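J.: Just a sequence and a predicted model for now, questions to come.
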Amino acid sequence: MMNNENQINRIAEIALNFATLSAPVKCIRYGCGHINDTYRLTCAGGEEYILQRINNHVFSNVAELMENIVGVTEYVASKSRQPDSEKLRVIRTKDKAPYFKAPEGYFRMYNFISEGISIERVPTTEELYLSAAGFGRFEKALSGYPVEKLYDSIPDFHNTLKRLEKFEVAVAADKANRVKEVSAEIDFVRSRNVYADAVISKMASGDIPVRVTHNDTKLNNVLIDIQGKRPVAVIDLDTVMRGSILYDFGDGVRSGTSTGAEDERDLTKVGFSKELYAAFARGFAGEAGRSMTRTEKSMLYFGAILMTYECGMRFLTDYLEGDVYFKVHRDAQNLDRARTQFKLVEEMEKERMFMRDAAEEYANGAR
Ligand code: ADP
Ligand code: GN1
Ligand code: MG
């Protein structure tokens with residue numbers, strides 16, 4: 001194993017393969033994503049970049065993944081009147097390729113967007129409103145993007161039924177010998193199994209439209225300018241593919257409306273905030289509500305319950321499989337993550353009428 005300093009030096013060396021404006025001088029680990037290895041790179045002329053080692057275990061076809069991302073970033077940029085520095089752009093290698101294959105894996109580079117920040121704690125209502133508006137605007141910008149141009153970077157990503165099957169396989173296999181510790185959590189997943197089919201069956205029948213969606217609208221995947229009171233950019237485009245707008249509304253609510261951290265151990269700190277929910281619904285629906293169908297508007301709230309249930313199930317599956325998917329930094333972190341999600345599901349279920357009415361009202365009021 002390389003020590004940290006050698007590893008960083010090696011990353012800086014890899015950066016030399018990309019067409020940066022001046023030579024790389026400094027590189028630090030950056031962000032709190034669960035999937036890729038992210039570095040912030042500073043160059044001699046002061047320009048900054050994001051350099052990422054793509055998680056090839058999660059994204060098996062990097063060429064297709066990067067074709068998606070180049071297409072989407074160029075399209076979204078063409079729809080926006082923001083300055084170029086605020087638009088996410090793939091920085092090519094010196095050979096003009098969208099990624100670089102090193103012995104350590106696949107790397108890609110983006111411009112570093114410094115005009116906004118992503119929120120990594122419980123947001124204020126204003127911060128969540130701006131983040132939601134950023135995601136809503138992104139949906140709107142992508143509404144004309146041809147679905148058929150996109151590869152499924154992770155097939156069946158939000159097919160909750162398949163997620164449930166995978167979960168049952170993990171329970172039966174009990175690879176990490178952890179089933180005995182988590183019978184209450186396993187029961188929780190099984191008790192809500194009717195949720196799993198609700199959206200995919202409606203997408204299959206055409207009752208819910210298939211759209212180009214982000215599919216990972218977690219709060220730290222959007223950059224906002226708090227002083228300027230505006231959203232800046234949506235990032236982490238690995239999962240942009242065919243999906244439902246319910247997923248994007250839902251995952252934003254999942255990650256933005258909890259009163260505690262995603263991996264909080266003290267569940268008394270974790271709860272669903274109605275005030276934060278209203279802020280998210282106002283921001284998201286205010287931007288994207290106009291183009292939603294009646295069925296979508298009436299099911300937005302369910303997207304939130306579904307995404308929270310699915311995410312909790314995914315954390316629990318990973319815990320049972322021995323923590324092979326999501327990055328973990330301590331013991332039982334995936335189990336703690338699953339527990340917070342299940343607590344949120346229970347609280348959302350109690351507030352479902354409020355959630356449904358508020359989201360529908362904001363979506364109907366959208367101009
Ligand atoms: P992961 O897939 O691991 O979640 P992300 O692409 O979300 O990786 O990047 C991790 C974090 O790095 C983000 O949450 C954000 O804080 C930061 N980040 C990523 N890309 C940029 C960018 N172009 N400009 C500024 N910050 C960025
Ligand atoms: C992962 O990459 P990141 O940290 O933004 C995951 C999401 C989960 C989220 C839970 C590609 O998102 O689906 O909802 O963790 N991304 C992928 O925090 O699996
Ligand atoms: Mg991310």
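T.: Here it is on my side, so go on. Ligands and ions are numbered 1, 2, ... in the order given.

J.: Tell me, please, where in the stretch 51-200 of the chain the pLDDT is lower than the cut-off.
T.: Along the stretch 51-200 of the chain, the model assigns pLDDT under 70 to no residue.

J.: any idea how far residue 157 is from the most centrally placed residue in the chain?
T.: When CA atoms, centre = their mean is applied to the chain, the residue found nearest the centroid is residue 216 (2.3 Å). For residue 216, the distance to residue 157 equals 9 Å [CB to CB, to the nearest Å]. No exception for glycine: its C-beta is placed from N, CA and C like everyone else's.

J.: what sits in contact with each of those two?
T.: Shared contacts of residue 216 and residue 157, defined by CB atoms under 8 Å, 6 or more residues apart in numbering, comprise residue 239.

J.: Now do the helices in the stretch 251-367 of the chain.
T.: Residue ranges of the helices in the stretch 251-367 of the chain, as given by DSSP state H, counting those that start in this stretch, are 274-288, 294-321, 333-350, 352-365.

J.: Could I get the contacting residues of the closest residue to residue 159 other than its chain neighbours?
T.: Leaving out its chain neighbours, the residue that sits closest to residue 159 by CB to CB, 6 or more residues apart in numbering is residue 200, at 5.7 Å. Contact analysis of residue 200 by CB under 8 Å, 6+ apart lists 158, 159, 160, 161.

J.: Point out the residues in the protein that sit beside ligand 1.
T.: 30-31, 33-36, 38, 50, 88, 110, 112-113, 118, 220-221, 235-236, 238 (CB under 6 Å from any ligand atom).

J.: Can you say which of the residues you listed are buried?
T.: 31, 33-36, 38, 50, 88, 110, 112-113, 118, 220-221, 235-236, 238 (16 or more other CB atoms under 10 Å).

J.: and residue 32, how many neighbours?
T.: Residue 32 sits with 12 neighbouring residues when counted by other CB atoms under 10 Å.

J.: State the distance from it to residue 329.
T.: Distance, residue 32 to residue 329, using CB to CB: 10 Å.

J.: domain parsing for the protein?
T.: As given by automatic domain parsing, the domain ranges for the chain are 4-114, 118-363.

J.: how far is the last one from where the chain is centred?
T.: In other words, domain 118-363. For domain 118-363, the distance between its averaged C-alpha position and the chain's averaged C-alpha position is 8 Å (CA atoms, centre = their mean, to the nearest Å).

J.: Endpoint to endpoint, it covers what distance?
T.: Chord length of domain 118-363, first to last residue, is 25 Å (CA to CA, to the nearest Å).

J.: near ligand 3 at all, that domain?
T.: Yes - using CB under 5 Å from the ion, we find that domain 118-363 touches ligand 3 at 221, 236.

J.: Can you tell me the closest non-neighbouring residue to residue 36?
T.: Counting by CB to CB, 6+ apart, residue 36 lies nearest to residue 52, which is 4.7 Å off, once chain neighbours are set aside.

J.: Closest residue of the stretch 251-367 of the chain to ligand 3?
T.: When scored by CB to the ion, the stretch 251-367 of the chain has residue 255 as its residue closest to ligand 3, at 10.2 Å.

J.: ugh, wrong one, I meant the stretch 201-350 of the chain
T.: For the stretch 201-350 of the chain, the nearest residue to ligand 3 under the criterion CB to the ion is residue 236, separated by 3.7 Å.

J.: I figured that residue hits residue 221, correct?
T.: Yes - A contact is recorded between residue 236 and residue 221 when judged using CB atoms under 8 Å, the distance being 4.1 Å.

J.: The protein: strands as residue ranges?
T.: Counting by DSSP state E, the chain forms strands over residues 24-29, 37-43, 48-53, 90-91, 100-102, 105-111, 211-213, 222-225, 230-234, 241-243, given from the N-terminal end onward.

J.: contacts for the shortest one?
T.: If I follow you right, that is strand 90-91. The list of residues contacting strand 90-91 from outside it, by CB under 8 Å, 6+ apart, reads 18-20, 49, 66, 69-70, 73, 98, 108-111.

J.: Throw together a PyMOL command that grabs the buried residues out of those residues.
T.: For selection in PyMOL, the members of the contacts of strand 90-91 meeting the burial criterion (16+ other CB under 10 Å) are listed in this command:
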select buried, resi 18+20+49+66+69+70+73+98+108+109+110+111
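
J.: quick one, what contacts the nearest residue in space to residue 293 that is not next to it in sequence?
T.: Take residue 293 and drop its neighbours on the chain: the residue closest to it by CB to CB, 6+ apart is residue 209, 6.4 Å away. The contact partners of residue 209, taken as CB under 8 Å, 6+ apart, are 203, 244, 293, 296.

J.: Please name the spatially closest residue to residue 149 (chain neighbours excluded).
T.: Leaving aside its chain neighbours, residue 149 sits nearest to residue 71 (5.8 Å; criterion: CB to CB, 6+ apart).

J.: For the one you found, which residues are in contact?
T.: If you count contacts by CB under 8 Å, 6+ apart, then residue 71 has 145, 149, 150 around it.
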